[in-house]
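Novice: Give me a 3D structure for the following:
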Amino acid sequence: MEKQNKHDRMYARIEKHGHDLKRIFSIDGDPVEICRKLRRLEVKANRMAIAYCNGEIDTAEWEIFSKRIEGKVLNVIGRKYADWIQINGDPRGYTLKIKNEIVREKQLDIYRDWGGYGILAPDFSEA
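Specialist: Predicted coordinates for the structure are as follows:
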C-alpha cells in the first residue's frame, strides 16, 4: 500500500467531510467544492467575529453580518436547515456550527468541537 503524504491525507479528510455534509443535508454536488464554499464563509465569519470581539464593529454590525453569512450558508446546505445552524461570535473556535442538540438528537456523524457542536467548515490543513 502506498503511503500518503500530508496533502493527500488532508484532501481525504476534506472529501470525507464533504460526503458527510452531503448525507446530512441531502445536497448534491462535489463534496470538495461544498467544503471549499463553506470554508471561505467560515474564514470571513471568523474574521468578523475577531473584529467584533476587538470592538472594531458594534453589536448591530455583527448581527447584520451574522444574518447575511447565515443566508449564504443556507444557500449551500438548504434553507430548511435554518434552525440547525449557529453563528458563533467567539473567535477562539469555529464560527459556523450545527447546534449541539441537533448533533445529539439526530446522531450526526460529523466533525465536532469539544462542546459537541458539528463544525460545518473545519480547517484540515493542520491536522
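
Novice: need the longest helix for the chain.
Specialist: Looking across the chain with DSSP state H, the single longest helix is helix 31-53.

Novice: Output the contacting helices and strands for it.
Specialist: helix 6-25, helix 59-77, strand 96-98 (3 or more Cβ pairs under 8 Å, 6 or more residues apart in numbering; DSSP states H and E). C-betas here are computed from N, CA, C, even on glycine.

Novice: run the last query once more with 6 Å
Specialist: Other helices and strands packing on helix 31-53, by 3 or more Cβ pairs under 6 Å, 6 or more residues apart in numbering; DSSP states H and E, are helix 6-25, helix 59-77.

Novice: Centre of the chain to that helix, how far?
Specialist: On the basis of Cα atoms, centre = their mean, to the nearest Å, helix 31-53 sits 7 Å off its chain's mean C-alpha point.

Novice: Just the buried positions in that helix, please.
Specialist: Across helix 31-53, burial judged by 16 or more other Cβ atoms under 10 Å covers 31, 34-35, 37-39, 41-42, 44-46, 48-50, 52.

Novice: Just name the closest of the residues you listed to residue 73, please.
Specialist: Comparing the buried residues of helix 31-53 against residue 73 with Cβ to Cβ places residue 41 closest, at 5.8 Å.

Novice: if I look at that closest one, how far off is residue 95?
Specialist: 9 Å (Cβ to Cβ, to the nearest Å).

Novice: Check residue 108 too.
Specialist: 18 Å.
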